[in-house]
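Colleague: fold the following.
(one chain, ligands or ions: 1)
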Amino acid sequence: MADAATIANTMTVAVGPVILMGPPGAGKGTQAKRIMARYGVPQISTGDILREHVRKVTELGCKARSYMDRGQLVPDDLVCDMVAERLSRPDCKRGFVLDGFPRTVAQAEWLDQYLEGKLFENNGLKRIPLVVIKINVSYNSLLRRLAGRRSCPTCGRIYNVYFQPPRVADLCDVDGSLLTTRRDDCEEVVSERLKEYEQETLPVVEYYRAKGQLHEIDGERPMEAVTAEALGIIENGNRL
Ligand code: AMP
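Modeller: Below is the predicted model:
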């Protein structure tokens, strides 16, 4: 258990830009939330932001919905504009964790340009290199994780009916809300999402590998072990 001084210290760690990669169901959202809790930097999940637009029936939500319902990627220009707006907010000044972005090489190139020359708060301003962490999970585990995934519409906490069930069936442990299943976690849409991942996003993994920015971790281990390794990668070289 971390003591108060350690926790206070982690709130001043200059985290910089962190990308969590991996196929749908690898645990990016869960790990991003744990990193956010540890360092106090925001989790930026493009999937969550898009789902919020769909729910509120915004112009972007209306354009994105048909792609999302089919398990296909939303066009790059729409997603990049949305990410630019989010990254410009003040809570990103010490760093942020991107979860689900970039998903195409064009998005990765856009992000490199966006980050060019960007400085992050660190008792003054500092250039902090991008850290890319890919969570590896086997195909069979992914299918089970996606089929069992439930989430709380109020606080965003993620459960799994097989591995991490709520204390009371179908209800969030934190706020008692009725847990929901994502519309795109049904079987046909899952296979389309995995296909999109292989075709569009695996080249992004190779893009970062070629630049020497990629770290891979084994996501089949207990959640705590995966988090500990991710935190180690983030802090290695990024500590004050
Ligand atoms: P996720 O919650 O990350 O699995 O994303 C759900 C859906 O949102 C995806 O299947 C895509 O339709 C869309 N989406 C999320 N992030 C992106 C992105 N970076 N580029 C394009 N589409 C995205």
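
Colleague: ok, now which ones touch the residue positioned nearest the centre of the chain?
Modeller: The C-alpha lying nearest the average C-alpha coordinate of the chain belongs to Asp99 (Cα atoms, centre = their mean; 1.8 Å). With contact set as Cβ atoms under 8 Å, 6 or more residues apart in numbering, Asp99 has these partners: 20, 28-29, 32, 43-47. To be clear about C-beta, it is placed using only N, CA and C from the backbone, and glycine gets the same treatment.

Colleague: and which of those is nearest the ligand?
Modeller: Ranked by distance to the ligand (Cβ to the nearest ligand atom), the contacts of Asp99 are led by Gly47 at 2.0 Å.

Colleague: that closest one - how many residues pack around it?
Modeller: Look at Gly47: counted by other Cβ atoms under 10 Å, it has 18 neighbours.

Colleague: contact residues of this protein facing the ligand?
Modeller: In this structure, the chain approaches the ligand at residues 24, 46-47, 50, 67-68, 71-74, 79, 100-101, 103, 107, 184, 193, judged by Cβ under 6 Å from any ligand atom.

Colleague: and stretch 223-240, which residues are buried?
Modeller: For stretch 223-240, burial by neighbour count (16 or more other Cβ atoms under 10 Å) applies to 226-227, 229-231, 233-235, 238.

Colleague: buried subset of the residues of the chain next to the ligand?
Modeller: When neighbours are counted using 16+ other Cβ under 10 Å, these contain these buried positions: 24, 46-47, 50, 68, 71-74, 79, 100-101, 103, 107, 184, 193.

Colleague: farthest pair in those?
Modeller: With distances taken as Cβ to Cβ, the most widely separated pair in these is Gln107 and Asp184, at 19.1 Å.

Colleague: surely Phe101 touches Ile44?
Modeller: Yes. At 7.2 Å, Phe101 counts as touching Ile44 under the criterion of Cβ atoms under 8 Å.

Colleague: which residues do the two both contact?
Modeller: Common contacts of Phe101 and Ile44, defined by Cβ under 8 Å, 6+ apart, comprise Val83.

Colleague: give me the nearest residue to Tyr162, chain neighbours excluded.
Modeller: Take Tyr162 and drop its neighbours on the chain: the residue closest to it by Cβ to Cβ, 6 or more residues apart in numbering is Gly148, 4.3 Å away.

Colleague: and what of Thr154?
Modeller: The shortest distance from Thr154 to any residue other than its chain neighbours is 4.2 Å, reached at Ser177 (Cβ to Cβ, 6+ apart).
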